[in-house]
Each structure stands twice: as structure tokens, then as C-alpha cells.
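In: sequence? don't have it. structure:
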């Protein structure tokens, strides 16, 4: 009979099957034979004490008992053309919405302004090497959305929003490692996500759906508070029974389109700050209480928050063994974000360190109405672009120099490939954000001895933490509060904050849309 047990072991024991077998045998009081085996169900690291421990939940399997299946694969049937829904955007919200529509028997027509996941690579290389930003194909736009080339972290606190496990299982079904079902903080990695995204797209097409790239939404035709057709690239009309809007948090032209069409949108609080990069060895030594983490522990991460005098300040999208990426979507702006490959084996650790931005904080931009947050965000990105010489280099400053208000005479090596320009960030960023960040870094140094150091470099801005806009929707139907067949979803609509939560929201919206069409 199979049995589940929980163990607390050292990192070396967790990595060595023979050592682990000896521990299990002792726990079984000698009844665990050499023919028994096990399956790891859950794995997490406990680094609170000097002696690091690994928490394991194991399923003990009887001799010759095959490993238990992780899940039952989802069942899809080909769809007809009877009921059609246009999905605008091929990020996680849009792709998972498309899969869910197929499961409900509705044909999805996915339109994506950017390129397919492989073709995007050339445009990313152009940003790094030539400082050229393609406004429709970059780190934010294109098949897979922002998460595809910006890390692939799958950890979410949004368990109340829906079935996280279902999303992870679907990713495994399309090629992700089963390890994401075991780890407390699952992560796929930018190097592995593209194949998974391509597999999802191919399944959508195989089952009767459509996927169109280089297809930008430019207008919506509305009659009697209902969308009758969408205009793509200014000329192609697409008609459907319903429309899912899953365009991501950086689709500023879509926010302007909705505003111009008098379709209700709202200001939404977001956060803005800098991205801090340390040598990974510093973070390892602080978190693991040693000079060398050894071969059995992964690069260490951190999660920090401090309530400063003016505002809170917190870490966001922490990337151990990672890279800082240029994530601008327009020509006169710079934007930073972070990502890690699956092995997280780069020599740096980076994280956004950000401060909340509320309605009162964007008062100078209130003339822009609901777009005030977007205007504030845009101005900061343009000021940073100008400070870096109007290129995709970024203004940068050593951490202690930033807190003490002096220009850094030199800058450390950094993972940001387009390059750095030494600048006074306190003279570029809004004053309340500067003061809060300065207080926060000192406080973080007290919480993590060694964190507050001039070996760390700050680059600006970290400005695309979430959408500065919320597109309101009916609580019951999830359709827009004014347009009965428009279904806003995901990060761009203000209802998600990462790959998993966006995928969950895409599925939820598809379910509600199906109820409407199949009623």
C-alpha cells in the first residue's frame, strides 16, 4: 500500500538517493526494502536557521509499483465554426482563454500584434545590440506575452482566484518539467518557455482554432453596447460573437483606444522604483549563512518589505542567478525588468525594489483623467531615457551612493547588456519615491546583513510592475460593465499579476463567455 511521509533532511541528503533511502528505511523501522522506491510530491527549502533544511513530502511506492501519474491530461475535442470568440493577445491570459474556449466547444481566433515566439528573438537582439525597439515585437509584445522572455516564474499568492494546480498541470502537459508540481516556488525559465508556448499555439490550431501574428487591434465597432467587429491593422475586419481583451499591461495604445471610444476604464494603483542587482554570492552568503552555498543548494532569493515614513517599499520579481532586461515598448523610453534561465546560473541576483503609486501621487497628471497613471509612468521612463543618452542604456548608481546622494565614480559589472550610464537617480525619479527607496535600502541592510553595499548597482526605472489601468467588468458575467460581449482579462485589464494568475483569469473569463454563448 502506498504511503505518504514528510521528511526534513539536509541539502546533501535530499540530493543523494542512497542517503535518502537510508533515512526512509530508519523511519520505516526496517520495513522499507531495497525494492521500494518513492516519488517526490513537494519540496521546499527552510533557510531560517544556520543549518539549512529541505522539507520533502514523499509518496512511498511498493516494489514494482509504477510512479503515480501526476494528473489526468485535459481532454479537448476539435471545434466547429458555429460559435466564435476573438482573443486579443497571445500572452498567458489569451492562450489559456483559447484552450478553455476549445474545451467549451467555442472556436478561438487569437490575434497577436507581435511575432511568433521564435521570430521575437531577433527583435530582442536588436534592442540589446543596436538599441532599436520594435514597438510591436519586444520583451512585452509577441507570442507568450511578457513572461516568455522575462523569467517564467510561476509562484503566485492568488490561490483564492482559481485552481493554480490546473494551470501548472497544463504547462507540464505542454512540455514543462514535472518539477514545477513539486517545488514551493516553481520556475520554468526563459530558455524553456518558448517551446511550451509554441506547443500551446499548435494545439489551438490543431483543434480548429486560429492564431494570427502581426495582427494589431486598431479599432472596435460598437452598436447597441455590443461589439460587432474588430478592425485589425487598420483594414481587416473580424466578426465574432464575443471578444476577449488580453493585451497585457504595456498596451498603452489599447488604453487610449478605449478612452477615445468612451469605453469605461479606471486608474489603478501600481508601483515604481528601481532594479537592484547584487553579485549572487552576496545574496547566497546572507541567506544561507555561509561563504559558499555548495553544490546542493540553488542560488538564494529574497523577499523584503519595509514600511517607510512616506510609503511602503518592497522587493518585486526577484531573479536569482538572473539577468536585467531592456523592456521598453516605445522609442523614447527605457524600462527594466528581470529574468532567470532555468538553471539560474548567472553570477548576479536582481530584484525590483518599488514603491506604490496611488491617485494622489499622480496629481500633476490628473488632467489626463483615468490615464493619469500611464502619463506619470511614461514621463519617468522618458526622463530615464534622456539621462542615459537617449539610447537603451540605463541610468545607474551604486546603492550606498544613491542613498547618500552622490554620483558613482565607477559602476560594477552588470548583467544589463545595452550598458549603464552613471547618473544621480535621486535627480531623475520622483522625490517621494527617492526618499522611500533610500530609507528602504538602509532598512533592508539591517534585515539582511550585507545587502546594503556599494557592490550593488541600481538601474532605473522598474516601472511596469502592473497595469496603471483597470478595465471594469461585471462581477457576475465578467463582461465589461458597459459592453456586453467584451471580456477584459489578465494583467492589462488589472485582474492579474503574473503568468499563473493571468492564465487563471483567462480561463475564468472564457468560462463566463461560454455561459453567455451557449445559454
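Out: That came in fine, so what should we check first? Quick caveat: nothing in here was measured; it's all calculated off a predicted structure. Numbering: from 1, shown residues only.
In: could you say what helices and strands the helix or strand hosting residue 218 packs with?
Out: Secondary structure assignment for residue 218, by DSSP states H and E: strand 217-223. Counting contacts by 3 or more CB pairs under 8 Å, 6 or more residues apart in numbering; DSSP states H and E, strand 217-223 is packed against strand 226-232, helix 252-260. For every residue, glycine as well, the C-beta is placed using N, CA and C.
In: hmm, try it at 6 Å
Out: strand 226-232 (3 or more CB pairs under 6 Å, 6 or more residues apart in numbering; DSSP states H and E).
In: buried stuff in stretch 296-304?
Out: Neighbour-count burial for stretch 296-304, with 16 or more other CB atoms under 10 Å as criterion, is recorded at 297, 298, 299, 300, 301, 302, 304.
In: for the residues you listed, which one is nearest residue 515?
Out: Closest to residue 515 out of the buried residues of stretch 296-304 is residue 301 (40.1 Å), distances taken as CB to CB.
In: Low-confidence stretches in this structure?
Out: Within the chain, the segments meeting pLDDT under 70 span 1, 29-31, 150-152, 155-161.
In: which of the residues in the strand holding residue 218 are buried?
Out: For strand 217-223, the neighbour count (16+ other CB under 10 Å) marks 217, 218, 220, 222 as buried.
In: What ranges does the stretch 201-350 of the chain have for its helices?
Out: Under the criterion DSSP state H, counting those that start in this stretch, helices of the stretch 201-350 of the chain are mapped to 252-260, 280-288.
In: Give me whichever of the ones you listed is most buried.
Out: helix 280-288 (a mean of 20; mean count of other CB atoms under 10 Å).
In: quick one, helices of this protein?
Out: Using DSSP state H, the helices found in the chain span residues 11-15, 17-27, 92-103, 120-130, 164-173, 193-206, 252-260, 280-288, 372-387, 399-404, 431-447, 499-518.
In: Now do the longest one: which elements does it pack against?
Out: So the one you mean is helix 499-518. Where contact means 3+ CB pairs under 6 Å, 6+ apart, helix 499-518 is packed against helix 92-103, helix 164-173.
In: Touching it from outside, list them.
Out: Residues outside helix 499-518 that contact it (CB atoms under 6 Å, 6 or more residues apart in numbering): 83, 85, 92-93, 96-97, 100-101, 104, 106, 147, 154, 156, 158, 161-162, 164, 167, 241-242, 244, 477-478, 487, 489-491, 495-496.
In: Specify the angle between that helix and helix 92-103 in degrees.
Out: For helix 499-518 against helix 92-103, the angle by axes from the mean of the first three to the mean of the last three CA atoms, to 10 degrees is 40 degrees.
In: Please apply the same query to the second one.
Out: Relative orientation of helix 17-27 with respect to helix 92-103: 70 degrees, computed using the same axes, to 10 degrees.
In: Mind giving me the packing neighbours of helix 17-27?
Out: Helices and strands touching helix 17-27, by 3+ CB pairs under 6 Å, 6+ apart: there are none.
In: if we go to 10 Å?
Out: Contacts defined by 3 or more CB pairs under 10 Å, 6 or more residues apart in numbering; DSSP states H and E place helix 17-27 against strand 3-9, helix 11-15, strand 37-46, strand 53-61.
In: quick one: which of these is nearest residue 412?
Out: Of all these, strand 37-46 comes closest under CB to CB, at 27.8 Å.
In: Buried residues in the closest one, which are they?
Out: For strand 37-46, by 16+ other CB under 10 Å, it's 37, 38, 39, 40, 41, 45.
In: Turn these into a markdown table, columns for distance to residue 436.
Out: Converted to a markdown table, those look like this (distance: CB to CB, whole Å):
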| residue | distance to residue 436 |
| --- | --- |
| 37 | 53 |
| 38 | 48 |
| 39 | 47 |
| 40 | 42 |
| 41 | 41 |
| 45 | 30 |
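In: Return the member of those residues nearest to residue 125.
Out: Proximity of the buried residues of strand 37-46 to residue 125 (CB to CB) peaks at residue 45, which lies at 34.9 Å.
In: And stretch 15-26, what's buried?
Out: So, applying 16+ other CB under 10 Å, buried residues of stretch 15-26: 20, 21, 23, 24.
In: Please read the previous query as pertaining to stretch 189-204.
Out: 189, 190, 193, 194, 196, 197, 198, 200, 201, 203, 204.
In: how many neighbours does residue 251 have?
Out: Around residue 251 there are 25 other residues, counting by other CB atoms under 10 Å.
In: do the one 10 residues further on as well
Out: Here the number of neighbours of residue 261 (other CB under 10 Å) works out to 12.
In: How much space separates the nearest residue to it once chain neighbours are set aside from residue 367?
Out: Among residues not flanking residue 261 along the chain, residue 220 sits closest, at 6.3 Å (CB to CB, 6 or more residues apart in numbering). Noted for residue 220: a distance of 25 Å to residue 367, by CB to CB, to the nearest Å.
In: Many thanks, have a good one.
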